[in-house]
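Asks: next input, structure requested:
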Amino acid sequence: MALDAIYISRLARELDTVLSGARVDKIHEPLRDDIVIALRSPNVKGKKLIISANASFPRVHLSSRSRENPPNAPMFCMLLRKHLINGRIISVSAPHMERIIDIKLEVNDEMGVPSERTLTCELMGRHSNIILRDAEDRVIECLKRVDIDMSEKRQVLPGLFYTLPPKQEKLDPSGYTRAELFDIVCAQKEEILCDKWIISTFMGFSPLVCREIAYRACGEVSRHMSELSMAQCEKMASAIYEICNTDSAPCIVYDNKHPYEFSYIPITQYENCMQTEVRESLSETLADFYETREARESMKNRSHGILQVVKTAHARTARKLAVQREELKKSIDREELRVRAELISANIYRLEKGMTSFETQNYFKNCEEVTIKLDPRYTPQENAEKLFREYRRMKNAERYITEQLAAGEEELEYLESVIESIEKAECEADLAEIREELRETGYADKSGDKKGAKKTALRPYRFVSSDGFVIYAGRNNKQNDALTLKSAMKGDLWLHTKNIPGSHVIVESSGRELPDRTITEAAQIAAYYSRAKDSENVPVDYTQVRHVKKPQGAAPGKVIYTNYYTAYVNPDEELCKQLSQND
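Replies: Just a heads-up that it's a prediction; the model follows:
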């Protein structure tokens, strides 16, 4: 993991400067492995301390992001409140070359006597844990209890003295001079990749930093230690020394706008393949990186069930449409059946039962000679009647299948819009509205709807354009209908991506003429809140609300519109954040 021991030691020093003297105001446990601590301090400025023991996203950092809390606090959260509320943070530190952060607090015990508590955050992948210790270093409680069946070397249980994890048998890179590091590097001539050798020899480095050291020394990450020249050995030793002894320069590496890696040093190994953005602090780096990824993964897990229901319905509808299109294709070729039936009727005087075929002139096509096949089991008259019946069936089928295709394509379009709504859902309330919509449309079981359950009313996304005009974007299909058909005035501007599932966007005009800049910004918002958010030159239709109608019986979010114009814009996430007025 990129959160290595060196990063954590520098993060602890940074947090110590900011958090020392802060008092614990509130403690929440929004997720099973996450603790959120609200603090009272001028240095915090409304931010909360996030501590996560999630196996995929372990971290400690400050954040201003709001989180949904369960109605009833878990037991571990209640215990932390009992021991830490109103406690004052004395220091934040990290044991040398350990992926652990200790937050030491001054509190009053049950008798009102001043005492000390230490909140230990072990950030070690699947072994991550949050442990509360007393002044004697005994474990009061921990988020994940580790007994002897789980680990023979180290148990973490209430009442036991706290011990550090077993030391790794590796070298401490911070304890060597540049010359000593050069001697260590030169002594290795094994057939092993440079980054693999670094991570197996030195403690405290993440795989990303090891690759960066190899890249700075060799210009590539696939070089073996045995292939290094003396100059490259010197560069490698210098890179190791500088990383351990220079100030932090935190950054995040983005792959197509998605956070890919982060570090406390500049990352150059990806060259121009990825984008690198510098951050002001190590805590801010973790907040930006992990919260983006965690939010996406969390909503992905929570929406998995409902997404599978919709995708199954989408796949079933798509298969049904494919079969109907094949049937329609066959029905279009029905004229051949009628011609064969007519030719049999015209030549019936010379045909007998038991014949398998006969030759005649096709007077429907230049009187050319053709061979007509017959079923020997039937009389010539019965052969003709059978073909006529099949012709009429296909003729009726064409009309019926055409109607079914139109309905199926509308259903497929609706399901695609629901999938898009699920993928952009930001919280459980978003998913709850989508579930309710699916129950009303018959795609989800209504038995899952709890009567009397309190439902959180979500407001549409709200923005204010650079010219001061209010812009709204619907979160899902039901909200799109309400926004367009109930809330918006006839003179407001309505926008939607052309033939692409997405949000309905409304610009409140208040009787004024809208500037081109506002229309462009609204179109970029519509493009961003659509299935085409990662594309370029997205077509966005716009017209006044008075020209938007909902057909009778149409699915949620389905409208028709006239008198529209089309703009081609690029979705802009930064613009949406800049104009956003959401809580």
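Asks: the host helix or strand of residue 383 packs against which elements?
Replies: The secondary structure element spanning residue 383 is helix 380-423 (assigned by DSSP states H and E). Packing contacts for helix 380-423, counted by 3 or more C-beta pairs under 8 Å, 6 or more residues apart in numbering; DSSP states H and E, involve helix 304-332, helix 335-346, helix 428-440, helix 477-482. (C-beta placed from N, C-alpha, C; glycine too.)
Asks: I'd say residue 500 and residue 541 touch.
Replies: No: Residue 500 is beyond contact range of residue 541, at 10.1 Å (criterion: C-beta atoms under 8 Å).
Asks: okay, the helices and strands packed on helix 380-423, which one's buried deepest?
Replies: Highest mean neighbour count of those: helix 477-482, a mean of 22 (counted as mean count of other C-beta atoms under 10 Å).
Asks: which helices and strands does it pack with?
Replies: Helices and strands touching helix 477-482, by 3+ C-beta pairs under 8 Å, 6+ apart, are helix 380-423, helix 428-440.
Asks: these: which one's closest to residue 476?
Replies: Among these, the nearest to residue 476 by C-beta to C-beta is helix 380-423 (4.1 Å).
Asks: got the angle between that closest one and helix 304-332?
Replies: 150 degrees (axes from the mean of the first three to the mean of the last three C-alpha atoms, to 10 degrees).
Asks: helix 380-423 vs helix 335-346, what angle?
Replies: Counting by the same axes, to 10 degrees, helix 380-423 lies at 170 degrees to helix 335-346.
Asks: to the chain's geometric centre, what's the distance from helix 380-423?
Replies: Taking the mean of its C-alpha atoms, helix 380-423 sits 37 Å from the chain's own mean (C-alpha atoms, centre = their mean, to the nearest Å).
Asks: mean confidence for that helix?
Replies: Averaged across helix 380-423, the pLDDT comes to 86.
Asks: same check on stretch 523-542?
Replies: Regarding stretch 523-542, the rounded mean pLDDT is 93.
Asks: any chance you could list what contacts that stretch?
Replies: 256-257, 416, 420, 424, 461, 463, 471, 473, 493-503, 505, 519, 522, 561, 564-573, 575-576, 579 (C-beta atoms under 8 Å, 6 or more residues apart in numbering).
Asks: go again with 6 Å.
Replies: With contacts defined as C-beta atoms under 6 Å, 6 or more residues apart in numbering, stretch 523-542 is touched by 420, 473, 493, 495-498, 500-503, 505, 564-572, 575-576.
Asks: cool, and stretch 356-371?
Replies: Taking C-beta under 6 Å, 6+ apart as the rule, stretch 356-371 contacts 339, 343, 347, 372, 373, 374, 376.
Asks: residue 420 - nearest residue in space that isn't next to it in sequence?
Replies: Among residues not flanking residue 420 along the chain, residue 501 sits closest, at 4.1 Å (C-beta to C-beta, 6 or more residues apart in numbering).
Asks: and what of residue 196?
Replies: Looking at residue 196 with C-beta to C-beta, 6+ apart, the closest residue is residue 210, at 7.7 Å.
Asks: distance of that neighbour from residue 240?
Replies: From residue 210 over to residue 240 the distance is 10 Å, taken as C-beta to C-beta, to the nearest Å.
Asks: between these two, which one's more packed in?
Replies: Between residue 210 and residue 240, counted using other C-beta atoms under 10 Å, the more crowded position is residue 240 (27 against 23).
Asks: and residue 485, which of the three is it?
Replies: Following DSSP: H, G, I helix; E, B strand; the rest coil, residue 485 is assigned to helix.
Asks: and the nearest residue in space to it that is not next to it in sequence, what are its phi and psi?
Replies: Among residues not flanking residue 485 along the chain, residue 550 sits closest, at 6.0 Å (C-beta to C-beta, 6+ apart). Torsion angles at residue 550 (phi, psi; degrees, to the nearest 10) stand at phi -110, psi 120.
Asks: rewinding a little: now the helices and strands packed on helix 477-482 in a markdown table, with distance to residue 278?
Replies: Converted to a markdown table, the helices and strands packed on helix 477-482 look like this (distance: least, C-beta to C-beta, whole Å):
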| stretch | distance to residue 278 |
| --- | --- |
| helix 380-423 | 30 |
| helix 428-440 | 33 |
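Asks: out of those helices, which is closest to residue 557?
Replies: helix 380-423 (5.3 Å).
Asks: contact partners of stretch 104-116?
Replies: Contacts of stretch 104-116 (C-beta under 6 Å, 6+ apart): 87, 88, 89, 90, 91, 117, 118, 135.
Asks: end-to-end on it?
Replies: 7 Å (C-alpha to C-alpha, to the nearest Å).
Asks: equivalent analysis for stretch 49-60, please.
Replies: 7 Å.
Asks: how far away from the center of its chain is that stretch?
Replies: 18 Å.
Asks: circling back: element containing the residue nearest to residue 196, please.
Replies: helix 207-218.
Asks: C-alpha coordinates for stretch 468-475, CSV please?
Replies: Backbone C-alpha positions of stretch 468-475 (Å, rounded to 0.1, in the frame of the first residue of the first chain) are rendered in CSV as follows:
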residue,chain,number,x,y,z
GLY,A,468,-26.0,34.6,-10.9
PHE,A,469,-28.8,32.3,-12.3
VAL,A,470,-29.9,29.3,-10.3
ILE,A,471,-29.5,25.9,-12.0
TYR,A,472,-31.1,22.6,-10.8
ALA,A,473,-30.2,19.1,-11.9
GLY,A,474,-32.4,16.0,-11.0
ARG,A,475,-30.8,13.1,-9.1
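Asks: from the middle of its chain, how far away would it be?
Replies: Taking the mean of its C-alpha atoms, stretch 468-475 sits 23 Å from the chain's own mean (C-alpha atoms, centre = their mean).
Asks: wait, which of the helices and strands packed on helix 477-482 is closest to residue 229?
Replies: Here helix 380-423 is closest among the helices and strands packed on helix 477-482 (C-beta to C-beta), at 50.5 Å.
Asks: between the closest one and helix 428-440, how many degrees?
Replies: Going by the same axes, to 10 degrees, helix 380-423 makes 160 degrees with helix 428-440.
Asks: pLDDT score for residue 449?
Replies: With respect to pLDDT, residue 449 scores 53.
Asks: select only the buried ones of the contacts of stretch 104-116 in PyMOL?
Replies: Applying 16 or more other C-beta atoms under 10 Å to those, the buried members can be selected in PyMOL as follows:
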select buried, resi 87+88+89+90+117+118
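Asks: among the contacts of stretch 104-116, name the ones in strands.
Replies: Applying DSSP state E to the contacts of stretch 104-116, the entries found in strands are 88, 89, 90, 91, 117, 118.
Asks: for stretch 65-80, how far is the first residue from the last?
Replies: Using C-alpha to C-alpha, first and last residues of stretch 65-80 are 21 Å apart.
Asks: buried ones in that stretch?
Replies: Neighbour-count burial for stretch 65-80 [16+ other C-beta under 10 Å]: 67, 76, 77, 79, 80.
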